[in-house]
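Q: No letters, just coordinates:
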């Protein structure tokens, strides 16, 4: 999952509109998305256990 976020971030920096944004904003957005996906995965795992 984190590999996917990193791959999309790198692809976006090379080819997409994220190349026009400041690097700090890009990193902050990537961390936010990674945290959101991590929380979602944790909630799904806990939901399947009960």
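A: Here it is on my side, so go on. In this text the structure is predicted, and so the values were computed from the model without any measurement.
Q: any idea how far residue 44 is from residue 50?
A: Going from residue 50 to residue 44 by C-beta to C-beta, to the nearest Å gives 12 Å. C-beta here means a position set from N, CA and C on the backbone, and glycine is covered the same way.
Q: the more surrounded of the two?
A: The neighbour comparison of residue 50 against residue 44 (other C-beta atoms under 10 Å) goes to residue 44, with 10 against 4.
Q: That one: which element?
A: Using DSSP states H and E, residue 44 maps to helix 23-49.
Q: Which secondary structure elements does that helix sit against?
A: When contacts are defined as 3 or more C-beta pairs under 8 Å, 6 or more residues apart in numbering; DSSP states H and E, helix 23-49 sits against helix 2-15.
Q: remind me which residues of this structure are low pLDDT?
A: Along the chain, segments meeting pLDDT under 70 span 18-19.
Q: again, 90 this time
A: Along the chain, segments meeting pLDDT under 90 span 1-23, 25-27, 29-30, 48-50.
Q: and the gap between the closest residue to residue 6 other than its chain neighbours and residue 49?
A: Once flanking residues are discounted, residue 6 sits nearest to residue 30: 7.7 Å by C-beta to C-beta, 6 or more residues apart in numbering. Computed as C-beta to C-beta, the residue 30 to residue 49 distance reads 29 Å.
Q: do residue 26 as well
A: 35 Å.
Q: One more: residue 17?
A: As judged by C-beta to C-beta, residue 17 and residue 49 stand 40 Å apart.
Q: Then residue 42?
A: With distances taken as C-beta to C-beta, residue 42 is found 11 Å from residue 49.
Q: ok so, going back, which one's more surrounded, residue 26 and residue 49?
A: Comparing residue 26 with residue 49 by other C-beta under 10 Å, the one with more neighbours is residue 26, at 16 against 6.
Q: right, and that one touches residue 14 too?
A: No - in this structure residue 26 lies outside contact range of residue 14 using C-beta atoms under 8 Å: 12.0 Å.
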